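[1] take this sequence and fold it.
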Amino acid sequence: MSLTRRTVLSLSAAAAAVAAMPRVGRAAFAPQPGDWAEHVLTTRIRLSETGPAAQVWVPVAALEADDWQRPEAPEWTTTADTAELKTDPSSGAQFLHATWQAGDTPRTLELSTRVATRDRAVDLSAPRDDAQLSEADRTRYLAATELVPTDGIVKDTADQIVAGIDGELEKARAIYDWIVENTARNPETRGCGLGDVASMLKLGDLTGKCADLNALYVGLARAAGLPARDLYGLRVAPSEFGYKSLGAGSSDVTKAQHCRAEVFLSDYGWVPVDPADVRKVMLEEPPKDLSLDNPKVVDARAGLFGAWEGNWIAYNDAHDVPLPGAEEGDGVVPFLMYPQAEIDGTRLDSLSPQDFVYEISAETGAA
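    Numbers count the residues shown, from 1 in each chain. Down below sits the predicted model:
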């Protein structure tokens, strides 16, 4: 299948206008549902033009949430011998799988997806009567994974954090506060980290990036009996609250991957949480190395329990994703947030886009 990508010139102009607008509410971080914005997310891949057989797996923004994200079907053009949109049957994660036979054909692929997003916020002062989670989803979002176990040291740590605390909301907030106060963002961590929760706790090294710190939240929440999930995605626009560390600085979002988390509370439904971004604000927000009592940190900490901005899109919430046709190892990746590729059965470094080679761009306009 081969479809032509829609034009994005009008959206490019709109994105420039949005970027030029003055930021509001610099002293507060309080996202609220409002107007929708449309993002055109485009991934371009160029592999070596000659050589052995090759294949790629490119994540697609497919997670649907009526109140904050609405993706459309992706479109692509490619020189690949085969290209097929596939869905992981256990998680629902979608990706484009393309293959090239050995030869001298130029190996290019361009995948575009339109995604409408908006800010979201859960009113934690107003319990809902209609918050429901199916038994199948409850089982899934309480389950242990290879890197996020829910027994042993993870269970022991969760028990200590929530000891003497009654109520799901109170437990969820206690775990959030514990991560904000006891972890740190490590700028030397490659990519977004690995999310090896048990190793972090066993080694006492509670540092890393979003895939580490937010996975720690998910593991502790599940161990405390609260369904939770990581959402793997990409920042696509600046923060409208003036936080440079919480948005994309340009339309080039090749290295703007970010995962967020959610916890399901019986009285509220899915509640967004992002303790990793609180630690990012502390480390990176000018003038940098901010303390927990800095106003910017205080505001971000308050806002990121129960809300987030719509300047980010989610690909999926999948752990341990099998890549069909993969030859290296068992063909399973811990999460699918970066393009993956193999040449002659050898996996390329997905965290080195300049060597891979891939580029990701995002253009934003009004929905």
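[2] tell me if I'm right that Asp344 and Pro52 touch.
    Yes - between Asp344 and Pro52 there is a contact at 3.7 Å, judged by C-beta atoms under 8 Å. Backbone N, C-alpha and C define where each C-beta goes, glycine included.
[3] those two - which one has more neighbours?
    Pro52 (14 against 10; other C-beta atoms under 10 Å).
[4] now do the contacts for the more buried one.
    Pro52 makes contact with 102, 343-344 under the criterion C-beta atoms under 8 Å, 6 or more residues apart in numbering.
[5] and it, how far from Ala126?
    Distance, Pro52 to Ala126, using C-beta to C-beta, to the nearest Å: 59 Å.
[6] what of Val263?
    Taking C-beta to C-beta, one finds Val263 at 17 Å from Ala126.
[7] and these two? which has more neighbours close in?
    A count of neighbours by other C-beta under 10 Å puts Val263 above the other of Val263 and Ala126, at 27 against 8.
[8] what's near enough to touch that one?
    172, 217, 221, 226-228, 270-271, 273.
[9] closest to Asp299 among the residues you listed?
    Lowest distance from Asp299 to those (C-beta to C-beta) belongs to Val273, with 15.6 Å.
[10] okay, and Asp156 sits in which element?
    Counting by DSSP states H and E, the element that carries Asp156 is helix 152-162.
[11] let's see which of the contacts of Pro52 end up in strands.
    Ile343 (DSSP state E).
[12] circling back: the helix holding Asp156 - contacts with which helices or strands?
    With contacts defined as 3 or more C-beta pairs under 8 Å, 6 or more residues apart in numbering; DSSP states H and E, helix 152-162 has these neighbours: helix 168-182, helix 197-203, helix 210-223.
[13] looking at those, which is nearest to Ser251?
    Per C-beta to C-beta, nearest to Ser251 of the helices and strands packed on helix 152-162: helix 210-223, 21.3 Å.
[14] other SSEs contacting the closest one?
    Counting by 3+ C-beta pairs under 8 Å, 6+ apart, helix 210-223 packs on helix 152-162, helix 168-182, helix 197-203, strand 228-235, strand 257-265, helix 275-284.
[15] tell me where the model's unsure across the stretch 1-150 of the chain.
    1-27 (pLDDT under 70).
[16] could you pull out the strands for it?
    Along the stretch 1-150 of the chain, the segments classed as strands by DSSP state E, counting those that start in this stretch run 37-47, 54-60, 69-71, 75-78, 82-87, 94-100, 107-117, 120-121.
[17] would TSV of the ones you listed with distance to Thr207 be doable?
    Below are these laid out as TSV (distance: least, C-beta to C-beta, whole Å):
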stretch	distance to Thr207
strand 37-47	30
strand 54-60	26
strand 69-71	30
strand 75-78	38
strand 82-87	35
strand 94-100	30
strand 107-117	30
strand 120-121	28
